[in-house]
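Colleague: how would this look folded up:
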Amino acid sequence: MHCVQCILPNYFSAALSEILDAIATAEYTGKLSESKEKAGNDMQKMMQYVFPVIVQIQMDVIKNYGFPEGRDGIVHFSQLIRNMERDDEEVAHLHSQIRAHFLPPVHINTEASL
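Modeller: Below is the predicted model:
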């Protein structure tokens, strides 16, 4: 009998790794580049053009992991990932790599400005 807490992070790490691999394929690289070019440096346009491409890639991959196709599958997968990344560094790291494709890095000023 396998420990569920041991299997799940590996399962989700594999899914996230496959998503990252899919993002790097020629099929999606062109779509992402075109979407990022349209969005420029505008966060609203980034969510309009780039985010849907990333979500489509995720939906294409997670159906291979037993999640239903469509909105319900991606919502459920995302909720599980958010919960899992609290306890698993690898899941958190892989998920942050995916988010980096549509969310710009946040720079926090460590000095207090008066």
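Colleague: so where's the protein shaky on pLDDT?
Modeller: 1-9, 104-114 (pLDDT under 70).
Colleague: Tell me where it has strands.
Modeller: Remark: no strands are assigned in the chain by DSSP state E.
Colleague: Longest helix in it, please.
Modeller: With secondary structure taken from DSSP state H, the chain has its longest helix at helix 4-23.
Colleague: And it, how far out from the chain middle?
Modeller: Relative to its parent chain, helix 4-23 has a centroid offset of 11 Å by CA atoms, centre = their mean, to the nearest Å.
Colleague: what comes up buried for that helix?
Modeller: 8-9, 11-13, 15-16, 18-20, 22-23 (16 or more other CB atoms under 10 Å). Quick note: C-beta positions are derived from backbone N, CA and C, even for glycine.
Colleague: ok, Gly73 - how many residues close by?
Modeller: 17 (other CB atoms under 10 Å).
Colleague: Quick one: residues contacting the spatially most central residue of the chain.
Modeller: Centroid-nearest residue in the chain: Ile98, 3.6 Å away (criterion: CA atoms, centre = their mean). Contacts for Ile98 (CB atoms under 8 Å, 6 or more residues apart in numbering) come out as 16, 19-20, 23, 54, 58.
Colleague: nearest to Thr29, of the residues you listed?
Modeller: Set against Thr29, the nearest of the contacts of Ile98 by CB to CB is Ile23 (7.6 Å).
Colleague: Distance of the closest one relative to Val75?
Modeller: Distance from Ile23 to Val75, counting by CB to CB, to the nearest Å: 20 Å.
Colleague: Cool, thanks, talk later.
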